[in-house]
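I need the structure of the sequence given here:
(one chain, ligands or ions: 2)
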Amino acid sequence: METSSSIVTRNLCRTFEVRRKSEGFLASLKGIFWPRSNFVRAVSGLDMEIQTGELVGFLGPNGAGKTTTLKMLSGLIFPTSGSISVLGFQPFQRDYEYLGRISLVMGQKQNLWWDLPPIETLAIHREIYNISQAEFRARLDELVEMLEIVDCLDIQARKLSLGQRMRCELAVALLHRPQILFLDEPTIGLDILMQKRVRAFLLNYHERFRPTILLTSHYMEDVIALVQRVIVINRGLKIYDGTLNELSKAARLEKILTVTFQSIPEGFSPLAFGKLIFQEGPRFQVKIPREKAAETASNLYSTGKVLDLTLEEAPIEEVLGELFAS
Ligand SMILES: Nc1ncnc2c1ncn2[C@@H]1O[C@H](COP(=O)(O)OP(=O)(O)OP(=O)(O)O)[C@@H](O)[C@H]1O
Ligand SMILES: [Mg+2]
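Ligands and ions are numbered 1, 2, ... in the order given. Next comes the predicted model:
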């Protein structure tokens, strides 16, 4: 299969100027005439290349520069220096044709009109993107089915739950069939079941339409379920670019096992299979190597004394902690 780059950045930088407020009257008077500034290097010499149809995870701790990068790629803010080419466009020129080929979804912000039901926001987007009525109906039916939002369309957006709103956001963002999708924490704040549904949708959507997706998330579950390749940045600098598999060899992928016993089995020691995080009476939480998780869980069940057992991915910041430290 022929591949081509959809997204290319070279030596991409973005600096923010942050005015420093001075304390005290004289100092603030001085500040009016001689303002003092600090410069924050949010993105520092970022090179990346993403092929058409790839689904790439863009990871890093808080303040690493992920949102700033996505904003530059979608043309919301200018780079300080360096170059960007997405589908051959320079995003910051905000070419009408370019904006019709991309979408930016931010878990923290919304595109839906707060006072309108989603169906009306969708109708507005139909007009903006000049989609025919027939095409609109077909795409809407498809998205409504995939996102399971038939009951949400006529309810004022402000009255929707976070999970309902997020799925409607995705419908709005995808209505014009963008070739490039920038997803900034699309699962943030959702409960575990809703996160799963959004993930399943994204996987299904990507399989069906093959858009190029750059996705940020602080949830390891998202990364494991969705992406094969990850780019990791820290303080604006790229520190890893490669397969998740390779990364998991460098970083330790662990699971958090939480078990509550009816009564603690005789001779049970949590230290035998992992690192103890806490114990409260018959409830234990331990961190165990990923590859041992299933076996450990089934051994525990076989004692016949398990009341409740859950397995979760270890937090992403912990998994990647060693990379960040270097
Ligand atoms: N408009 C702005 N003015 C000043 N500084 C900013 C602005 N936007 C971002 N920054 C700074 O740039 C750096 C990168 O921020 P950015 O939002 O890109 O991080 P992030 O990787 O998205 O973090 P998070 O995971 O918390 O969302 C931070 O130090 C942030 O304070
Ligand atoms: Mg961010």
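
interface residues of the protein facing ligand 1?
Within the chain, the positions near ligand 1 by Cβ under 6 Å from any ligand atom are F16, V18, V40, A42, G60, N62, G63, A64, G65, K66, T67, T68. Every C-beta, even on glycine, is put in place using the N, C-alpha and C of the backbone.

part of a helix, is C168?
Yes. Under DSSP: H, G, I helix; E, B strand; the rest coil, C168 sits within a helix.

ok, and the closest non-adjacent residue to it?
P118 (4.0 Å; Cβ to Cβ, 6 or more residues apart in numbering).

Isn't that neighbour up against A157?
Yes. With contact defined as Cβ atoms under 8 Å, P118 reaches A157; the gap is 6.1 Å.

between those two, which one's more packed in?
P118 (25 against 22; other Cβ atoms under 10 Å).

if we can go back for a sec, which of the residues of the chain next to ligand 1 are buried, as a PyMOL select command?
Typed into PyMOL, the next command selects the buried ones out of the residues of the chain next to ligand 1 (criterion: 16 or more other Cβ atoms under 10 Å):
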select buried, resi 42+60+64+65+66+67+68
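
Quick check: the farthest pair among the residues of the chain next to ligand 1?
V18 and G60 (19.9 Å; Cβ to Cβ).

any idea of the pLDDT on F324?
Confidence at F324, expressed as pLDDT, is 72.

Please identify the helix or strand for it.
Element membership for F324, per DSSP states H and E: helix 321-325.

for L276, same thing?
L276 belongs to strand 275-280 when assigned by DSSP H and E.

And the closest residue to ligand 2 within the stretch 51-200 of the chain, what's its pLDDT?
Nearest residue of the stretch 51-200 of the chain to ligand 2: T67, at 3.2 Å (Cβ to the ion). T67 is assigned a predicted lDDT (pLDDT) of 97.

What residues does the nearest residue to it once chain neighbours are set aside make contact with?
Nearest non-adjacent residue to T67, counting by Cβ to Cβ, 6+ apart: D184, 5.7 Å away. The contact partners of D184, by Cβ atoms under 8 Å, 6 or more residues apart in numbering, come to K66, T67, L70, L104, V105, M106, G107, Q108, T216.

Which residues does D184 form beta bridges with?
M106, T216 (DSSP bridges).

burial measure for the residue nearest to L307 when sequence neighbours are not counted, as a count.
Closest residue to L307 apart from its sequence neighbours, by Cβ to Cβ, 6+ apart: T260 at 4.6 Å. Using other Cβ under 10 Å, T260 is surrounded by 16 other residues.

Whether stretch 99-118 contacts ligand 2 - can you check?
No. Judged by Cβ under 5 Å from the ion, stretch 99-118 and ligand 2 are separated, with a smallest distance of 7.5 Å.

gap between the two ends of that stretch?
21 Å (Cα to Cα, to the nearest Å).

Same question for stretch 259-268.
Criterion Cα to Cα; first-to-last residue distance in stretch 259-268 is 12 Å.

and it, what's its mean pLDDT?
Rounded mean pLDDT across stretch 259-268 is 90.

Same question for stretch 21-34.
Averaging pLDDT along stretch 21-34 gives 70.

Which parts of the stretch 51-200 of the chain are strands?
Remark: strands assigned in the stretch 51-200 of the chain by DSSP state E, counting those that start in this stretch are 55-59, 81-86, 102-106, 180-184.

And the residue of the stretch 201-326 of the chain closest to ligand 2?
Residue nearest to ligand 2 within the stretch 201-326 of the chain: T216 (6.4 Å; Cβ to the ion).

returning to that earlier point: list the contacts of the residue of the stretch 51-200 of the chain closest to ligand 2.
M106, D184, T216.

Run through the residues of the stretch 1-150 of the chain sitting next to ligand 2.
K66, T67.
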